[in-house]
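> Just to be clear, the model below is a prediction. Sequence and coordinates:
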2 protein chains.
Amino acid sequence: MQAFQDLYPEDLSHCYGCGKNNPHGHQLKSYWDDDETIALFTPKPFHTAIPGFVYGGLIASLIDCHGTGSASAAAARAFSDNTQAPPRFVTAALNIDYLAPTPMGIELELRGVIRQVKPKKVLIEISLSAQGKVCAKARMVAVKMPESMMI
Amino acid sequence: MQAFQDLYPEDLSHCYGCGKNNPHGHQLKSYWDDDETIALFTPKPFHTAIPGFVYGGLIASLIDCHGTGSASAAAARAFSDNTQAPPRFVTAALNIDYLAPTPMGIELELRGVIRQVKPKKVLIEISLSAQGKVCAKARMVAVKMPESMMI
């Protein structure tokens, strides 16, 4: 099973968070798990906030890339005939509640639940958990990448 | 003038986004500018989303660290007698609207407006601009770091 992000077109696969063509980045990979989406990621030791805990910016990054990847996959599943690459989505709005400090040294699990799918707009809820404990919850509005971003 | 983040205690200065003791990180520095707060940051070439534009996770990271730094400074200004280090704040909620793609290769300006200051809770509005154009706006709830995070 291919990751959502590995189906992006080559020239749109440079995202620091999830692009396979960005050797510096996190290379997050998201997949279907029945009707939900899932991604796993273990932060590096230097991704720290307060010592012992993951910094909020990484948490936001992982949620962001899992969300746009999930939006791409959801739109492709709903509207595509599989003859072309899934549409690329970008983030319009991201609301994150940090519910508990996220511990370092543990594989984090991101889960996405698709709440609404339109061809150019997808609403997603995403949770980030460590060993079964939800540390952050988010709601995202993802929109199809505007043509103006093709440079 | 010292950056807010450089006044954090040494053992709480390891944040990837803004800690002076994290050599891998962004080392964001925030300052007062009259009653607003300001930070400047130029993304690295690999902090890309779609080629030509900054990835949303970095934007969230910068907003997050500028926000918690601003909260620390605002609480210190409101309640401290300057005999001890400013209180350390963490993010409880972060709502970001991505209004326009953020161009690469340009120094970004973050501005914070303090909306409410209580000893353990600060509300802040933050904007991120490139050459005067606002690319993202955010609202943050920052709360004083809980004792349980001191490990």
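It's in. Numbers count the residues shown, from 1 in each chain, chains lettered A, B, ... in the order given.

> Secondary structure element holding the residue most central in space within chain A?
Using C-alpha atoms, centre = their mean, the residue of chain A that lies closest to the mean C-alpha position is A:His66, 1.0 Å off. Using DSSP states H and E, A:His66 maps to helix A:56-79.

> wait, does that helix contact chain B?
Yes: against chain B, helix A:56-79 shows contacts by C-beta under 8 Å from any C-beta of the partner chain at A:Gly56, A:Gly57, A:Leu58, A:Ala60, A:Ser61, A:Leu62, A:Asp64, A:Cys65, A:Thr68. Just so you know, the C-beta spots here come from the backbone N, C-alpha and C atoms, and that holds for glycine as well.

> got a markdown table for the residues you listed, with neighbour count too?
Below are the residues of helix A:56-79 next to chain B laid out as a markdown table (neighbours: other C-beta atoms under 10 Å in any protein chain shown):
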| residue | neighbour count |
| --- | --- |
| A:Gly56 | 27 |
| A:Gly57 | 28 |
| A:Leu58 | 25 |
| A:Ala60 | 28 |
| A:Ser61 | 27 |
| A:Leu62 | 28 |
| A:Asp64 | 31 |
| A:Cys65 | 31 |
| A:Thr68 | 30 |
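
> Pretty sure the residue nearest to the centre of chain A sits against A:Leu110.
Yes: applying C-beta atoms under 8 Å, one finds A:His66 in contact with A:Leu110, separated by 4.4 Å.

> Quickly list what's touching both of these two.
Here A:His66 and A:Leu110 share the contacting residues A:Ser30, A:Thr37, A:Ala39, A:Ile126, scored by C-beta atoms under 8 Å, 6 or more residues apart in numbering or on different chains.

> so what's the last one bridging to?
To tie it back to what came earlier, the one meant is A:Ile126. Taking DSSP bridges as the rule, A:Ile126 bridges to A:Gly112, A:Ala138.

> try the first one
With DSSP bridges as the criterion, A:Ser30 is bridged to A:Ala39.

> which helices and strands does the helix or strand containing A:Ile96 pack with?
With elements taken from DSSP H and E, the one containing A:Ile96 is strand A:89-98. Helices and strands touching strand A:89-98, by 3 or more C-beta pairs under 8 Å, 6 or more residues apart in numbering or on different chains; DSSP states H and E, are helix A:56-79, strand A:133-144, helix B:56-79, strand B:89-98.

> if you set the cut-off to 10 Å instead, what comes out?
For strand A:89-98, the elements it packs on are helix A:56-79, strand A:121-130, strand A:133-144, helix B:56-79, strand B:89-98, strand B:133-144, judged by 3 or more C-beta pairs under 10 Å, 6 or more residues apart in numbering or on different chains; DSSP states H and E.

> Those into CSV, with extra columns for mean pLDDT?
Below are the helices and strands packed on strand A:89-98 laid out as CSV (pLDDT from 0 to 100):
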stretch, mean pLDDT
helix A:56-79, 97
strand A:121-130, 98
strand A:133-144, 98
helix B:56-79, 97
strand B:89-98, 98
strand B:133-144, 98
